[in-house]
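Participant: next come a sequence and a model predicted from it.
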Amino acid sequence: MDKKRLQTIKIFAIGNILVMLFMTYFFFRKILFGFQGGFFDTSYMKYICIFSIIILGASIISTIGAVGILLLKEWGRKIYLIIAWLPIIVYPYRGIYYEFGDLLPVIILISSIIYFTRPKVKEQFSR
């Protein structure tokens, strides 16, 4: 039986691949060439590099998960759901003051988690 992919899954997977490839390029470049001309205090450079390495790893894993989503593999959906929860868990520890621009990625992640746990979408990834 041939699986028919929902258009929203295809759009999501391709968009996620493009965004994660950009993030991978951006943070890989930051690790190699440093944060030149930035406003960061040099005492924080070690932590910024560690953060960049973590984000780089997460974006590579997320790209692999998006390819799995595009191929309708259950492991791709599970990887995405795990990666999508990480910023939501970390978000409350960022500080007291939030702007709407800071909250927008979290809203998008929460809505995509709800979408990927819907029965009709889960059925797309069943074997």
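Facilitator: Received, thanks.

Participant: other SSEs contacting the helix or strand in which residue 107 is found?
Facilitator: Assigning secondary structure by DSSP states H and E places residue 107 in helix 100-116. If you count contacts as 3 or more Cβ pairs under 8 Å, 6 or more residues apart in numbering; DSSP states H and E, helix 100-116 packs onto helix 7-33, helix 74-90. Every C-beta, even on glycine, is put in place using the N, C-alpha and C of the backbone.

Participant: among the ones you listed, show the one with the smallest mean pLDDT.
Facilitator: When these are compared on mean pLDDT, helix 7-33 scores lowest, with a mean of 79.

Participant: list the contacts of the closest residue to residue 113 other than its chain neighbours.
Facilitator: In this structure, residue 113 finds its nearest non-sequential neighbour in residue 84, 5.3 Å apart by Cβ to Cβ, 6 or more residues apart in numbering. By Cβ atoms under 8 Å, 6 or more residues apart in numbering, residue 84 lies in contact with 109, 112-113.

Participant: if I look at the residue lying closest to residue 79 once chain neighbours are set aside, how far off is residue 103?
Facilitator: Excluding the flanking residues, the one nearest residue 79 by Cβ to Cβ, 6+ apart is residue 65, at 3.2 Å. According to Cβ to Cβ, to the nearest Å, residue 65 stands 24 Å off from residue 103.

Participant: these two: which has the busier surroundings?
Facilitator: Per other Cβ atoms under 10 Å, whichever of residue 65 and residue 103 has more neighbours is residue 65, with 25 against 11.

Participant: so for the helix or strand where the more buried one lies, what gets flagged as buried?
Facilitator: Residue 65 is located in helix 45-70, with elements delineated by DSSP H and E. Of the residues in helix 45-70, 48, 52, 55-56, 58-60, 62-70 count as buried by neighbour count, 16 or more other Cβ atoms under 10 Å.
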